[in-house]
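In: Got a sequence here, can you build the structure:
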Amino acid sequence: QNSRNHPGWWIRLTRRLNQFRRNTRIKKILDDNINFLNKTLNKKEKKGFYLMGKKYDIIIPVPMTYKKIKERGYNQTQLIARLITENIESLALKEDILIKYKENNTQSKLTKQQRVENVKDVYKLRNNKIIKGKNVLIFDDVYTTGATCNECAKTLKKANTNKIGVMTIAKDYNKTQKID
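Out: Prediction:
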C-alpha cells in the first residue's frame, strides 16, 4: 500500500530514513523492531497502551530544533510515534509539549559525560498543563547512554507528571555496554 494512512507506508519511510546508520547491529535491531511494530500495530488497540506492565496516556517524541528538522527534512522519532498512535487510540501523541530550543553538538561522537553536558538545559516545556498527573512515555529512536532521555525526563518532571517511561526502537550496545 502506498497510502500515507497505511502503517506499512510509514514503516517503509522510516526504514529509508534510517539507512544512514552504518552500524550493522543497529540496522538489524531497527529492522527487527520495525517488523514487529508492523505486525502488532496493524490492528487497532482500544484498551490502553501498556509497556512493562505500566499504562501510558501520552507519548512524546524526542524533539529536534526547527533548524535541524529543516536541514534533515524530518524527525524520525516523530514519524514513528505517529505510526504508533495511529494504531493505539488510547495513547495520545503530543508533539508540542517538549521543545528543543537550543542547538547542540551531534551526540554520536561524544563520550557519555560529554553527552550529558551536551544536552543539559536544551529542552523546555510548552502547554505543560496537558501532562500534569499523566503517565508520559518519551519516545526516541536509539538509546545509547540515556543522556537525551534523562534530560527530557528531567524537563517533563517539572510539569508534575505521574509517571515517565522511555521507549526506543533500538539500543546501541557499543556505547552502553560490552557484548560478548
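
In: ok, G165 touching Y56?
Out: Yes. Using C-beta atoms under 8 Å, G165 makes contact with Y56 at a distance of 6.2 Å. The C-beta positions use only the backbone N, C-alpha and C, and glycine is treated the same way.

In: what is in contact with the two at once?
Out: By C-beta atoms under 8 Å, 6 or more residues apart in numbering, G165 and Y56 have these common neighbours: N135, V136, L137.

In: coming back round to it: for G165 and Y56, indicate the residue with more neighbours.
Out: More neighbours surround Y56 than the other of G165 and Y56, with 23 against 17 (other C-beta atoms under 10 Å).

In: That one bridge partners, please.
Out: Going by DSSP bridges, Y56 is paired in beta bridges with F49.

In: Tell me which residues are up against the helix or strand harbouring I99.
Out: Using DSSP states H and E, I99 falls within strand 98-100. Residues outside strand 98-100 that contact it (C-beta under 8 Å, 6+ apart): 60, 62-65, 68, 122-126, 138, 152, 155-156.

In: What subset of these is buried?
Out: I60, V62, P63, M64, T65, V122, Y123, L125, I138, C152, T155, L156 (16 or more other C-beta atoms under 10 Å).

In: Apart from its chain neighbours, what residue comes closest to the fifth one?
Out: Just to be clear, that refers to T65. K100 (5.0 Å; C-beta to C-beta, 6 or more residues apart in numbering).

In: which strand residues sit across from the one you found in the sheet?
Out: Bridge pairing for K100 - DSSP bridges - gives Y123.

In: Now do the helices in the protein.
Out: Ranges of helices within the chain are 7-17, 24-40, 66-72, 76-87, 112-119, 147-157, 173-176, based on DSSP state H.

In: what packs against the fifth one?
Out: The one in question is helix 112-119. Helix 112-119 sits against helix 147-157, with contacts defined as 3 or more C-beta pairs under 8 Å, 6 or more residues apart in numbering; DSSP states H and E.

In: what about the spatially closest residue to K67 that is not a sequence neighbour, how many neighbours?
Out: Sequence neighbours aside, E103 is the residue nearest to K67 in space, at 6.4 Å (criterion: C-beta to C-beta, 6+ apart). Residues near E103, counting by other C-beta under 10 Å, number 11.

In: pLDDT weak spots in the protein?
Out: Scanning the chain for pLDDT under 70 picks out 1-52, 87, 173-180.

In: switch the cut-off to 90
Out: Filtered on pLDDT under 90, the chain yields the residue ranges 1-56, 68-91, 105-111, 127-128, 141-145, 167-180.
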